[in-house]
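1. Got a predicted structure here, sequence first:
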Amino acid sequence: NAELAEKAGLNCDNKYQWCVKSVNSINENYQFLGLDTNIISENINNKISLFLELFIKYSEKLNLNIEISPILNMNEDESHIFGRIYTDNEINISESNIILEGNINYNNGDKAQLLNLSSMKNLCFFLGQILAIKGKKEINQYSIKYYVSSIYAGLPTHLKVKIDNDILLKHFNCQEIENDIKSEELGNDQILQMYNNDNIHIMVCNGYVYKDNDYSDYFDIFLKIVNEKLPHVVLIFGPFLYIRNFNEAIQKIGDINVIYDNIFKKITKLAKNEALEKTHFYIIPSIYDSINIYPLPQPPFCNENYMNAANN
């Protein structure tokens, strides 16, 4: 969106409570797209369950008096429900096409269409977003609908709440918890020195680099801004080459590997800039990237072992 206005980030009071660390353990479900659909569903369900538990914990801390109900409930008045945003078709989400999906153990996987959003201001929804809403439900033989009056998106940034180990053990493996404990032993002062006692500045890019067979210069504009702002973390989301948005057959586009190689060369050249030597770049592919069965970098692009295996 070329008309998107730039706004200052939120100053968090809890910056002394967190740190950035490398997790050495690799989850066995890392190659997400190659997995059975039941495992993918379980991972999504676990994520919703984790954030539901955290949301309830933070709500109690703030004395918000919020009681989360199942999506399919018997309340006649307004109620609070919790889940993730998704759409069940190829149409982009909009004010009239947003669905909230609940987890399995609390909501039996029920979903509800969210309505009355056009009358609300300052909305920001994205696919996969996990949030709570307050609204009045309407049920018919085909679907569940909620007329939304309030939205609770994200967790509060100003609270200093330590997450209990019993919650962590339910959702993360023991090795990651052990790494967290070791990082705490480093001391907050040492961690903050990594970022000059400042908040962590993050920039995010999401969108097509190639669309309808043409290169979009928005990606170059984003990289230029990164070079000016010098953030600590840069998140770059795909799809880079959107397989479903080409007017011609994929064979007419050219060598796909060359296209991806050129994109990564742009990122690598910027990342090697001396002013950005402490910046961490993360590339997150999309299921719509036109590449192997696993999304980039799974297996890593131009990885020596992978190339040898392919030649054999």
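-> Done, it's in. Numbers count the residues shown, from 1 in each chain.
2. residue boundaries of the strands in the stretch 201-312 of the chain?
-> Using DSSP state E, counting those that start in this stretch, the strands found in the stretch 201-312 of the chain span residues 202-206, 210-211, 214-215, 233-237, 280-284.
3. Would you mark the buried spots in the first one?
-> When neighbours are counted by 16 or more other CB atoms under 10 Å, the buried residues of strand 202-206 are found to be 203, 205. Any C-beta I mention is one placed from the backbone N, CA and C, and that applies to glycine too.
4. shaky segments in the stretch 51-200 of the chain?
-> 90, 156-165, 167-198 (pLDDT under 70).
5. Strands along that one, start to end?
-> Per DSSP E, counting those that start in this stretch, the stretch 51-200 of the chain carries strands over the ranges 79-86, 99-101, 111-115, 130-139, 144-153.
6. Now render those as CSV, adding mean neighbour count.
-> What follows is the strands of the stretch 51-200 of the chain, written out as CSV (neighbours: other CB atoms under 10 Å):
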stretch, mean neighbour count
strand 79-86, 21
strand 99-101, 22
strand 111-115, 19
strand 130-139, 18
strand 144-153, 17
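7. related to what we said a few turns ago, now the strands of the stretch 201-312 of the chain in TSV, with distance to Lys137 and mean pLDDT?
-> Formatted as TSV, these follow (distance: least, CB to CB, whole Å; pLDDT from 0 to 100):
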stretch	distance to Lys137	mean pLDDT
strand 202-206	32	86
strand 210-211	38	62
strand 214-215	45	62
strand 233-237	33	90
strand 280-284	35	88
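8. Looking at the ones you listed, spot the one closest to Ile68.
-> Smallest distance to Ile68 across these (CB to CB): 28.4 Å, for strand 202-206.
9. Just tell me which of the strands of the stretch 201-312 of the chain ends up closest to Asn97.
-> Nearest of these to Asn97, taken as CB to CB: strand 202-206 at 18.6 Å.
10. so what does the helix ranked longest in the chain touch, helix or strand wise?
-> Looking across the chain with DSSP state H, the single longest helix is helix 37-61. Contact analysis of helix 37-61 by 3 or more CB pairs under 8 Å, 6 or more residues apart in numbering; DSSP states H and E lists strand 79-86, helix 104-107, strand 130-139, helix 165-171 as its packing neighbours.
11. Identify the residues contacting the first one?
-> Here strand 79-86 makes contact (CB atoms under 8 Å, 6 or more residues apart in numbering) with 44, 47-48, 51-52, 55, 66-71, 73, 93, 98-103, 106-107, 111-112, 125-137, 146, 152.
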